[in-house]
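K.L.:
Quick one, what's the 3D model for this:
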Amino acid sequence: MSKTSFLRKVNTNKDLFYVAHEGIEKNFPIHSHNKHQLYYLEGGAAYFNTPRKSFFVPANHFLWIPAGLEHNIIFRTKAKMVHNIYIPTILKTSNPSLETNAGIYPVTNLLAEMINYTLSWKGEIGNDDQEKFQFLITLNNVIASAANLPLPIALPTTNNESLSEIVKYIHRNIDQPLSLDYIAEKFSYSTRTLSRLFQNNLNTSFLQYVKLTRIIKAMELLLQTDLSISEITFKCGYNNLSSFSYVFHKTVNISPADFRKKTKSK
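P.N.:
You can find the predicted model right below:
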């Protein structure tokens with residue numbers, strides 16, 4: 001099935017569930033759905049992109065995408081399975097924030113089991129199949145319960161050409177010191193102008209942007225490599241392990257060691 005026909009099928013009947021489990025990854029262009037979407041990349045990692053932000057989706061986390069939000073997903077590592085369950089908006093949940101807000105949340109054991117239970121299901125599911133339909137309604141409620149503490153990592157994006165070049169440089173050189181003075185001089189800005197450029201276009205400070213980029217890089221390395229945490233510390237531009245561990249824990253609400261253990265445990 002082509003990407004266009006798949007998206008058309010998802011959107012055909014807005015009051016029905018749509019279930020799709022894939023053994024291969026598909027990179028779609030920016031698009032949206034008339035349904036909410038549960039997305040679970042089993043055993044892999046990806047970037048979830050909207051017109052304004054980019055989110056890192058690590059292993060053993062699910063992505064919630066509200067109906068109508070333009071997005072695409074870019075894979076960073078090979079996955080065991082890609083799970084997608086599209087949920088009609090007529091179903092309300094006990095978590096109203098899910099109606100409008102995207103988020104990345106840890107997959108609970110119960111949610112993982114319920115998703116895997118649907119592994120043989122495919123396509124539209126309505127109330128003419130009461131057993132499956134009621135199961136998916138229950139799954140929707142379980143999602144609402146699980147979506148309590150989102151992963152607080154999102155990088156703002158920009159269409160400003162000058163700032164885009166600076167952002168690319170930061171990503172390519174994240175193991176370097178990257179001070180505001182150094183970047184301003186390298187790209188022929190005053191520090192004040194560069195600070196304003198970040199704040200006005202990304203709604204964040206230069207230092208905050210660099211910090212989040214370092215933490216996302218650390219999450220990727222913790223997930224995708226067997227490098228020691230000390231090695232990852234230096235590859236992400238930190239001078240010592242204690243400083244890196246403190247910033248990581250404060251940002252992600254979990255230590256680097258526990259994050260690695262948790263994301264590789266299922």
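K.L.:
which one's the longest helix in the protein?
P.N.:
As assigned by DSSP state H, the longest helix anywhere in the chain is helix 206-224.
K.L.:
And the strands in the stretch 101-250 of the chain?
P.N.:
103-106, 123-125, 155-156 (DSSP state E, counting those that start in this stretch).
K.L.:
Outside of the first one itself, list whatever touches it.
P.N.:
Contacts of strand 103-106 with the rest of the structure, by Cβ atoms under 8 Å, 6 or more residues apart in numbering, involve 48, 55-58, 60-64, 97, 146-151, 153, 262. The way it works is simple: take the backbone N, C-alpha and C, and place the C-beta from them, glycine included.
K.L.:
Type out the PyMOL command that picks the buried ones from the residues you listed.
P.N.:
Buried residues among the contacts of strand 103-106 (16 or more other Cβ atoms under 10 Å), as a PyMOL selection:
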select buried, resi 48+55+56+57+58+60+61+62+63+64+146+147+150+151+153+262
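K.L.:
Mind checking which of the contacts of strand 103-106 land in helices?
P.N.:
Ala146, Lys262.
K.L.:
who touches the longest helix of the chain?
P.N.:
Outside helix 206-224, the residues touching it (Cβ under 8 Å, 6+ apart) are 45, 56, 58-59, 76-77, 153-156, 167, 170-171, 174, 178, 180, 183, 194-195, 198, 202, 204, 227, 229, 232, 235-238, 244, 247-248, 251-252, 256, 259-260, 263-264.
K.L.:
and those, which are buried?
P.N.:
Here, 16+ other Cβ under 10 Å leaves 45, 56, 58-59, 76, 153-156, 167, 170, 174, 178, 180, 183, 194-195, 198, 202, 229, 232, 235-238, 244, 247-248, 251-252, 256, 259-260, 263 buried among those.
K.L.:
who's the spatially most central residue of the chain bridged to?
P.N.:
Nearest to the geometric centre of the chain sits Val57, at 3.3 Å (Cα atoms, centre = their mean). Beta-bridge pairing for Val57 (DSSP bridges): Ala46.
K.L.:
In the chain, where is pLDDT below threshold?
P.N.:
Filtered on pLDDT under 70, the chain yields the residue ranges 1, 24-25, 77, 264-266.
K.L.:
let's go with 80 and repeat that
P.N.:
1-4, 23-27, 43-44, 59, 76-80, 93, 152, 262-266 (pLDDT under 80).
K.L.:
Can you show me the helices along it?
P.N.:
Counting by DSSP H, the helices of the chain are 3-12, 109-117, 130-146, 161-172, 180-186, 191-202, 206-224, 229-235, 241-252, 256-263.
K.L.:
So which of those is nearest Glu70?
P.N.:
helix 3-12 (12.4 Å; Cβ to Cβ).
K.L.:
which secondary structure elements does that closest one contact?
P.N.:
Packing partners of helix 3-12 (3 or more Cβ pairs under 8 Å, 6 or more residues apart in numbering; DSSP states H and E): strand 17-22, strand 123-125.
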